[in-house]
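Novice: Quick one: sequence plus predicted model below, questions after.
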Amino acid sequence: MNEAVKVDDVTQVYVTEQRATLAIQQMSFAIHRGEFVSLIGPSGCGKTTVLSIIAGLIAPTVGTVQVAGETVRGPSTRVGYMLQQDYLFPWRTIADNAAIGLEISGTLSKEKKEEVLHLLDEMGLLRFKDYYPAQLSGGMRQRVALVRTLATDPEILLLDEPFSALDYQTKLQLEDLVVETLRAKRKTALLVTHDISEAIAMSDRVIVLEPNPGRIRKQFEVPTAIRDPLPFVAREQPGFNALFRDIWQEFGGDTDAES
Ligand code: ADP
Ligand code: MG
């Protein structure tokens, strides 16, 4: 069976008038179907670049990326992208914002409209369908962005720090909602975060990157006892803190510190 995502020996150089930046050097990894993987690492280590290449928004300088066995040559509805900012259009209602991907791809049927409403219902947003984004909280808006991403039924979701602008409680609630939803729909996901505990709590596997140039430093399989429960409960499992410390150390963190 094909891997959901295969990043093969990818190198990315950004060239501007001032300089050339080696953003990613010879990076290779694969994500299995249905797997939830997190990429973590300090700012500038190439996380967003990796997602942009998988999404087909930029072509790698060297190397190839495959999604479901096919080489990525440009953007495709098979890949959904969710960002830190929700980018909802202020003049469109929640329902119309959620359906925009379908509208752009020219696939917004009556049936699909019903599906969008069903997704909004699953996210507890149905009664806000005729509201405008400004009338919703940050967490609700991110839920709308999630519906918008799921509405086109992508095989893979790329999540670039989708919770980092939210308050802590909202973030914890959304982590559970996202994991629960993606599991039920058997989606493959790649999350970028610089929150180690979020990465452990949500993922099956954590890939730690290092900067200058961006490379894989180390990968950690999350033990079953931690990855089976939803993120909130995962944080209370034995072994969670030990794994946190192992990953923290890869960042050059001080292991004697109280964390
Ligand atoms: P991260 O998401 O991990 O913070 P990025 O992928 O955004 O990292 O950036 C990796 C490196 O590439 C950084 O040094 C950044 O300055 C550089 N970079 C990113 N995008 C561009 C661009 N469009 N042009 C030039 N340099 C870029
Ligand atoms: Mg980034």
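Specialist: Sure, I can see it. Ligands and ions are numbered 1, 2, ... in the order given.
Novice: can you list the residues of this protein near ligand 2?
Specialist: For the chain, the residues in contact with ligand 2 (Cβ under 5 Å from the ion) are 47-48. For the C-beta atoms, the positions are set from N, CA and C on the backbone; glycine is no exception.
Novice: Tell me which residue lies nearest the centroid of the chain.
Specialist: residue 159 (1.8 Å; Cα atoms, centre = their mean).
Novice: who's that one bridged to?
Specialist: Beta-bridge pairing for residue 159 (DSSP bridges): residue 82, residue 191.
Novice: What residues does it make contact with?
Specialist: Applying Cβ atoms under 8 Å, 6 or more residues apart in numbering to residue 159 gives the contacts 82, 178, 189-192.
Novice: Identify the farthest-apart pair in the residues you listed.
Specialist: Greatest spatial distance among the contacts of residue 159 (Cβ to Cβ): 178 and 192, at 13.4 Å.
Novice: Look at these two and report which has more neighbours.
Specialist: Each of residue 178 and residue 192 has its neighbours counted (other Cβ atoms under 10 Å); residue 178 has more, 25 against 22.
Novice: any idea how far the more buried one is from ligand 2?
Specialist: Computed as Cβ to the ion, to the nearest Å, the residue 178 to ligand 2 distance reads 18 Å.
Novice: next one: the helix or strand where that residue lies to chain centre, how far?
Specialist: Here residue 178 sits within helix 168-184, counting by DSSP states H and E. Distance of helix 168-184 from its chain centroid, counting by Cα atoms, centre = their mean, to the nearest Å, is 12 Å.
Novice: residue in the stretch 51-200 of the chain nearest to ligand 1?
Specialist: Among the residues of the stretch 51-200 of the chain, residue 192 lies closest to ligand 1, at 6.7 Å counting by Cβ to the nearest ligand atom.
Novice: Against residue 75, how distant is that residue?
Specialist: 18 Å (Cβ to Cβ, to the nearest Å).
Novice: got it, and residue 47?
Specialist: Relative to residue 75, and taking Cβ to Cβ, residue 47 is found at 19 Å.
Novice: buried residues in stretch 161-176?
Specialist: Going by neighbour count (16 or more other Cβ atoms under 10 Å), the buried part of stretch 161-176 is 161-163, 165-166, 170-176.
Novice: overlap between those and the residues near ligand 1?
Specialist: When these are checked against ligand 1 using Cβ under 6 Å from any ligand atom, none falls in range.
Novice: Can you name the residues that contact residue 11?
Specialist: By Cβ under 8 Å, 6+ apart, the contact set of residue 11 is 22, 24-27, 60-63.
Novice: I'd like to know how far residue 32 sits from residue 193.
Specialist: From residue 32 across to residue 193, the span is 20 Å (Cβ to Cβ).
Novice: what is the residue nearest to residue 194 when sequence neighbours are not counted paired to in the beta sheet?
Specialist: What sits nearest to residue 194 in space, not counting adjacent residues and going by Cβ to Cβ, 6 or more residues apart in numbering, is residue 40, at 6.0 Å. Per DSSP bridges, the residues bridged to residue 40 are residue 193, residue 208.
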